[in-house]
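*Asks:* I'd like to go over a predicted model; first the sequence, then the structure.
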Amino acid sequence: MARAISTRRMALNTAIAWTIGAMIFFPILWTFLTSFKTEAQAIADPPVFFLFDWTTENYTTVQERSNYFRHFWNSVVISVGSTLIGLAIAIPAAWSMAFVPSKHTKNILMWMLSTKMLPPVGVLVPIYLIFRDLKLLDTQFGLIIVLTLINLPIIVWMLYTYFKEIPGEILEAARMDGATLRSEVLYILLPMAVPGIASTMLLNIILAWNEAFWTLNLTAAKAAPLTAFIASYSSPEGLFYAKLSAASTMAIAPILIMGWFSQKQLVRGLTFGAVK
Amino acid sequence: MKTTLKAMLGATALAAFTTTALADTTLTIATVNNGDMIRMQGLTEDFTKKNPGIELEWVTLEENVLRTRVTQDVATKGGQFDVMTIGTYEVPIWGKQGWLVSMNDLPGSYDVDDLLPAIRGGLTVDGELYAAPFYGESSMVMYRKDLMEKAGMEMPDAPSWHFIRRAAAKMTDKDEGIYGVCLRGKAGWGENMAFLTATANSFGARWFDEDWNAQFDSPEWKEALTFYIDMMTAYGPPGASSNGFNENLALFQQGKCGMWIDATVAASFVTNPKDSTVADKVGFALAPDNGLGKRGNWLWAWSLAIPAGTDDEDAAKKFIAWATSKDYLALVAENEGWANVPPGTRTSLYENAEYAKVPFAQMTLDSINAADPTAPTVDPVPYTGVQFVAIPEFQGIATAVGQQFSAALAGQTSVDDALANAQKLTTREMERAGYGK
């Protein structure tokens, strides 16, 4: 009897999980399907799902019109660059907060997080002027700096949480065996925190890849990443939904594939320490 | 792990400083994503061949993103763009601020006198032409000839609002999913307020009196808004308060609208058999009036301008002179046919016998000529602009007013309350901005 209830509950849970998963995934699936329709099919009412003449015309048009690879490369450089620099700053910061906390550590953490509470547009003009004077507008380097800074609080917070789960006694033992601070962090802490660091890195790459406010406002032609590529296919005066969907699919495909292959690490990292 | 990290860091740093090889001059052109602009990008080889030292870089953005982007760049002298695509709203404001380079010295072969007077007037400040029009548009009535015939009516070339309402009533067949009239309802200064401001002009309403006092408490505004909401509630499609240009275009192309009053640029979409199910059944007429001497149509021109302080002013002028020339129109006609020539900028285009064969050509010209941005309303006003007021505060105020009117259309508030709120918020913002002091 108990087994029957648990099977039923499991079936229900599975159904709910699949439903939620399908709902979350549906917009992506719809974008993907629309990218293979004609513009007329894209706005058809009632909408057509699978039974239409699939065409790759939109992808051809998008390829002809835009330099996809330049945008793609900019996205890669900006997201990976900002993540690596962010990690290089955040790992020592999180180490000190987790293992050598002071009475202000909590306040510093809260203060760091509070910077995420300001709407970005509030600092757009000052940052634009600074970038103009430093000749950083429309450069990959400028965007790497901005994205590093805006994602730094999240990286520090995530790493801090992971590091807190690692018993300080292990590090102490290493120290007693004569390990220097550098070797303590590099050879003891980092290997133990690899799942956490990997998931932080992946999440941060995804955040940087999708960042659309700064990447649109601080770039023009040279450093524009895939967010600008998508924006160039949106139009309030003209129905170009199929082309827009093709551009969107091309923009999200790399990050989606990366997420797909690294989902084990992502889930492992995100649930690290959740079950004791 | 360590080596990989180092390699990735190195590669990133290297890539961060990599720049592309440049020609003598590279012009960065900010533009919008519409058919005419995209076509121009495909034809630029003609320009680069004639001007071997100049290379073109395109930044194509969605209209609203573009507006924010170029505004912040020109205001801060960021220098990101050498040529900007801007509209008749920005040109007078930016021209007055000294943010744009004057185009008065374009070469004689450009034939500036050939530009349509209404369009040229909208781009001129104190005698200085600050932008060259790339394509011009107005608004007009697009209607289903078959449904009109079925209703036993005939659309005049210049209909009145009351005719439109009667026709909408007769054409509506909700059981068949056909709605007599589709109009913009989505809130936004460039969405419902473009339509409603132009409509209000034809009802004798105006945004401000000569002393910059808001006029939403006038009987004319009440009449205009009541007419619009009553007609849309009775004969418009469901959910009209969230319909903008694209939503109405989709409805019309699927045969669900009897009439649609919107931008003339839509004519080429609704008559294109590839996308439209009603391509061969569409007729055109001037935007309606109310017998007061003003029609409810607007005037807009996407234009090319040069921000003050650009390093490549001469090259930028060369490009603009090419893109907005008579030769460019001929080039498009040769490559893509006359129907795809950017409309509404030059008189000579409308004198061309080939272009006259395009079904919507004459109506587009008549619509543009029926709009006067320097005297848009029945009563005098202190501003220019037909569907907008050419002051920097307008975008914010009109979007807030648009939200009130959209809510009234959705039935969430009454016409009286929407107008009262519009009056209050407009008065407050104008006082804050220091008008009328």
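*Replies:* Thanks, I have it.
*Asks:* can you pull the pLDDT of residue A:182?
*Replies:* On the pLDDT scale, residue A:182 is placed at 87.
*Asks:* swap in residue B:418?
*Replies:* For residue B:418, pLDDT reads 97.
*Asks:* other SSEs contacting the helix or strand encompassing it?
*Replies:* Assigned by DSSP states H and E, residue B:418 falls within helix B:415-432. Here helix B:415-432 touches helix B:219-235, helix B:394-409, going by 3 or more C-beta pairs under 8 Å, 6 or more residues apart in numbering or on different chains; DSSP states H and E. C-beta here means a position set from N, CA and C on the backbone, and glycine is covered the same way.
*Asks:* Just the CA atoms from it would do, formatted as CSV, please.
*Replies:* In CSV, the C-alpha atoms belonging to helix B:415-432 read as follows (Å, rounded to 0.1, in the frame of the first residue of the first chain):
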residue,chain,number,x,y,z
VAL,B,415,-12.5,58.7,-20.8
ASP,B,416,-13.1,61.5,-18.3
ASP,B,417,-10.6,60.0,-15.8
ALA,B,418,-8.0,59.3,-18.5
LEU,B,419,-8.2,62.8,-19.7
ALA,B,420,-8.1,64.3,-16.2
ASN,B,421,-5.0,62.2,-15.4
ALA,B,422,-3.4,63.2,-18.7
GLN,B,423,-4.1,66.9,-17.9
LYS,B,424,-2.7,66.5,-14.4
LEU,B,425,0.5,64.7,-15.4
THR,B,426,1.2,66.9,-18.4
THR,B,427,0.7,70.1,-16.4
ARG,B,428,3.0,68.8,-13.6
GLU,B,429,5.8,67.8,-16.0
MET,B,430,5.6,71.0,-18.0
GLU,B,431,5.8,73.1,-14.9
ARG,B,432,8.8,71.1,-13.7
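*Asks:* what's the closest non-adjacent residue to the residue of the stretch 151-300 of chain B found nearest chain A?
*Replies:* In the stretch 151-300 of chain B, the residue found nearest to chain A is residue B:250; the distance is 4.3 Å by C-beta to the nearest C-beta. Closest residue to residue B:250 apart from its sequence neighbours, by C-beta to C-beta, 6 or more residues apart in numbering or on different chains: residue A:43 at 4.3 Å.
*Asks:* now residue B:404
*Replies:* Distance criterion C-beta to C-beta, 6+ apart; nearest residue to residue B:404, sequence neighbours excluded, is residue B:418 at 4.2 Å.
*Asks:* Can you pull up the most central residue in chain B?
*Replies:* What sits nearest the mean C-alpha location of chain B, by C-alpha atoms, centre = their mean, is residue B:300, with 4.5 Å.
*Asks:* Was I right to think that residue contacts residue B:137?
*Replies:* Yes. Counting by C-beta atoms under 8 Å, residue B:137 is a contact partner of residue B:300 at 5.1 Å.
*Asks:* Tell me the confidence at the spatially most central residue of chain A?
*Replies:* Closest to where the C-alpha atoms of chain A average out (C-alpha atoms, centre = their mean) is residue A:206, at 1.7 Å. Predicted confidence (pLDDT) for residue A:206: 92.
*Asks:* Ok, residue B:182 next?
*Replies:* pLDDT, read off for residue B:182, is 97.
*Asks:* next one: the one 4 residues further on
*Replies:* The model reports residue B:186 with a pLDDT of 93.
*Asks:* Grab the nearest non-local neighbour of it.
*Replies:* Closest residue in space to residue B:186, ignoring its immediate chain neighbours: residue B:244 at 3.9 Å, by C-beta to C-beta, 6+ apart.
*Asks:* who's in contact with the one you found?
*Replies:* A:236, B:184, B:185, B:186, B:188, B:191, B:192 (C-beta atoms under 8 Å, 6 or more residues apart in numbering or on different chains).
*Asks:* so which two of the residues you listed are the farthest from each other?
*Replies:* A:236 and B:185 (14.3 Å; C-beta to C-beta).
*Asks:* Secondary structure element for the residue nearest to the centre of chain B, which one?
*Replies:* With DSSP H and E as the criterion, residue B:300 is inside strand B:299-305.
*Asks:* and the following helix or strand past that strand, how far out from the chain's middle?
*Replies:* Next in sequence after strand B:299-305, counting helices and strands by DSSP H and E, comes helix B:313-323. In terms of C-alpha atoms, centre = their mean, to the nearest Å, the centre of helix B:313-323 is found 23 Å from the chain centre.
*Asks:* just the helices in the stretch 1-150 of chain A please.
*Replies:* With DSSP state H, counting those that start in this stretch, the ranges of helices along the stretch 1-150 of chain A come out as A:2-34, A:39-42, A:57-65, A:68-99, A:105-114, A:124-133, A:140-165.
*Asks:* Which strands and helices lie in contact with the second one?
*Replies:* Meaning helix A:39-42. Applying 3+ C-beta pairs under 8 Å, 6+ apart, one finds that helix A:39-42 makes contact with helix A:241-261.
*Asks:* Mind giving me the packing neighbours of whichever helix or strand comes after the helix it packs on?
*Replies:* Using DSSP H and E, the helix or strand that follows helix A:241-261 towards the C-terminus is helix A:263-270. With contacts taken as 3+ C-beta pairs under 8 Å, 6+ apart, helix A:263-270 sits against helix A:194-210.
*Asks:* and the angle for the helix it packs on with helix A:68-99?
*Replies:* In terms of direction (axes from the mean of the first three to the mean of the last three C-alpha atoms, to 10 degrees), helix A:194-210 departs from helix A:68-99 by 140 degrees.
*Asks:* From chain B, how far out is residue A:247?
*Replies:* 10 Å (C-beta to the nearest C-beta, to the nearest Å).
*Asks:* Skipping adjacent residues, who's closest to that residue in space?
*Replies:* Excluding its sequence neighbours, the residue lying closest to residue A:247 (C-beta to C-beta, 6+ apart) is residue A:233, at 4.3 Å.
*Asks:* Can you report how many residues neighbour the one you found?
*Replies:* Neighbour count for residue A:233, taken as other C-beta atoms under 10 Å in any protein chain shown: 26.
*Asks:* Let me see the contact set for it.
*Replies:* Counted by C-beta under 8 Å, 6+ apart, residue A:233 has contacts A:62, A:240, A:243, A:244, A:246, A:247, A:248, B:33.
*Asks:* If you tally nearby residues, what's the number for the third one?
*Replies:* Neighbours of residue A:243 under the rule other C-beta under 10 Å: 26.
*Asks:* cool, and the first one?
*Replies:* Residues lying near residue A:62 (other C-beta under 10 Å) number 22.
*Asks:* any weak-confidence spans in the chain?
*Replies:* Looking at chain A here, since you left the chain open. Scanning chain A for pLDDT under 70 picks out A:1-5, A:269-276.
*Asks:* my question was about chain B
*Replies:* B:1-23, B:437.
*Asks:* mind checking the longest strand of it?
*Replies:* Across chain B, the longest stretch assigned as strand under DSSP state E is strand B:132-144.
*Asks:* and it, anywhere near chain A?
*Replies:* No. On the criterion C-beta under 8 Å from any C-beta of the partner chain, strand B:132-144 is out of touch with chain A, staying 9.0 Å away.
*Asks:* just checking, next helix/strand downstream of that strand?
*Replies:* helix B:145-150.
*Asks:* thinking again about what came up before, now do the longest strand of chain B against helix B:313-323: the angle between them, please.
*Replies:* Orientation note: strand B:132-144 sits at an angle of 30 degrees relative to helix B:313-323 (the same axes, to 10 degrees).
*Asks:* how does chain B divide up, domain by domain?
*Replies:* As given by automatic domain parsing, the domain ranges for chain B are B:20-130+B:299-361, B:139-297+B:383-432.
*Asks:* Kindly check the end-to-end length of the longest one for me.
*Replies:* The stretch domain B:139-297+B:383-432 measures 33 Å between its terminal residues, going by C-alpha to C-alpha, to the nearest Å.
*Asks:* That one: how far from the chain's middle?
*Replies:* From the chain centre to the centre of domain B:139-297+B:383-432 is a distance of 14 Å (C-alpha atoms, centre = their mean).
*Asks:* do the same with the first one
*Replies:* Domain B:20-130+B:299-361 sits 15 Å away from the centroid of its parent chain (C-alpha atoms, centre = their mean).
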